[in-house]
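In: pasted the sequence and its predicted model underneath.
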Amino acid sequence: MSDLIRLENLTVTYERHPAVHHVSGGFAPGSLTAIAGPNGAGKSTLLKAIIGELRPAEGRIDRGALMRNDFGYLPQAADINRRFPISVADTVMLGAWKNAGAFGHFSREDAARAREALGIVGLCGFENRHIGSLSAGQFQRVLFARLLLQDARVILLDEPFTAIDQRTTRDLLELVLRWNKEGRTVIAVLHDFEQVRAHFPETLLIARELVGWGRTQDIMSSANLVKARAMAERWDDESEACLPEGDEHEPAAGDHARREPVQ
Ligand SMILES: Nc1ncnc2c1ncn2[C@@H]1O[C@H](COP(=O)(O)OP(=O)(O)OP(=O)(O)O)[C@@H](O)[C@H]1O
């Protein structure tokens, strides 16, 4: 079966410094893949490139017929501003934005689906709470409810269980597995290797360059993990990407990686 998303010699840079370097491979339709690697290995950068938030400095990402609406993305908690004055219900409803009318109105069906999604993540009765008043675990449940409403074909999760208690992790992991059983393609950045080995059939192990990508039992070997750590220790943060001639990007002041929207 051909890949749903293909990375071809993908390099993503921040001001010419490569965070992801020469990565090639593919995500099969309906696959469940963990992205693992040391801190600073380029895992979040890779997800941002896949959803089109960052543009490749070299190589390409082939998303086939997938459109921006087909991707559901949960950023790292640290990237989300919870001081924005918005209720739990409205946050979940944002998952249905593609159904909203011209003036941003949502249908009754979407409102009902939002309530149902909050029930599924165990947050009935939280509709009117301000998101800033929630615990980290409760807020993560809200974001999962939003993903439920979004009903995306491809779901990208960046450290979805970091700083979350065991019970919440178990509940949300069940949802992830359910999404995959429904045929969705799920890609999750994870730091818990036990969890990766227990639940994720495929792993992409990265240390800016690819260490391995394939069946978890093959990729998460001690030899590969040692190799990833050694590659991380050898990093020179000042080294520049080896971009082909004429393809170099002169960043404007304040510009980090190149950004582009997916179609
Ligand atoms: N906006 C940015 N501007 C400049 N450099 C950045 C930016 N975001 C990330 N980087 C750098 O790119 C490299 C990869 O970062 P990234 O966040 O993708 O790693 P990660 O594997 O997700 O790390 P972690 O496990 O610590 O979350 C790091 O050296 C990081 O400092």
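Out: Yep, it's here. Numbering: from 1, shown residues only.
In: in the lowest-mean-pLDDT helix or strand in the chain, which residues are buried?
Out: Within the chain, no helix or strand scores below helix 108-120, which has a mean of 90 by mean pLDDT, DSSP states H and E. Across helix 108-120, burial judged by 16 or more other CB atoms under 10 Å covers Asp110, Arg113, Ala114, Arg115, Ala117, Leu118, Ile120. C-beta coordinates here come from the backbone N, C-alpha and C atoms, glycine included.
In: ok, stretch 200-217 next?
Out: Applying 16+ other CB under 10 Å to stretch 200-217 flags 200, 202-208, 210-213, 216 as buried.
In: rebuild those as TSV, extending it with secondary structure.
Out: Shown next, in TSV, are the buried residues of stretch 200-217 (DSSP: H, G, I helix; E, B strand; the rest coil):
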residue	secondary structure
Phe200	coil
Glu202	strand
Thr203	strand
Leu204	strand
Leu205	strand
Ile206	strand
Ala207	strand
Arg208	coil
Leu210	strand
Val211	strand
Gly212	strand
Trp213	strand
Thr216	helix
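In: distance to the ligand added to these, as TSV?
Out: Formatted as TSV, the buried residues of stretch 200-217 follow (distance: CB to the nearest ligand atom, whole Å):
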residue	distance to the ligand
Phe200	16
Glu202	18
Thr203	14
Leu204	11
Leu205	11
Ile206	7
Ala207	9
Arg208	7
Leu210	13
Val211	12
Gly212	16
Trp213	15
Thr216	18
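In: just the helices in the chain please.
Out: 43-51, 88-93, 108-120, 136-150, 166-181, 193-199, 216-219, 222-233 (DSSP state H).
In: quick one: closest of these to Phe27.
Out: helix 43-51 (8.4 Å; CB to CB).
In: tell me the angle of that closest one relative to strand 202-207?
Out: Orientation of helix 43-51 against strand 202-207 (axes from the mean of the first three to the mean of the last three CA atoms, to 10 degrees) gives an angle of 120 degrees.
In: what's the burial count for Arg146?
Out: By the criterion of other CB atoms under 10 Å, Arg146 has 23 neighbours.
In: residue numbers of the stretch 1-150 of the chain in contact with the ligand?
Out: Tyr14, Ala19, Gly37, Asn39, Gly40, Ala41, Gly42, Lys43, Ser44, Thr45 (CB under 6 Å from any ligand atom).
In: give the contact list for the closest residue to the last one other than its chain neighbours.
Out: Ranked by CB to CB, 6 or more residues apart in numbering and with sequence neighbours excluded, the top spatial neighbour of Thr45 is Ala19, at 4.1 Å. Applying CB atoms under 8 Å, 6 or more residues apart in numbering, one finds that Ala19 lies in contact with Val12, Thr13, Gly42, Thr45, Arg208, Ala257.
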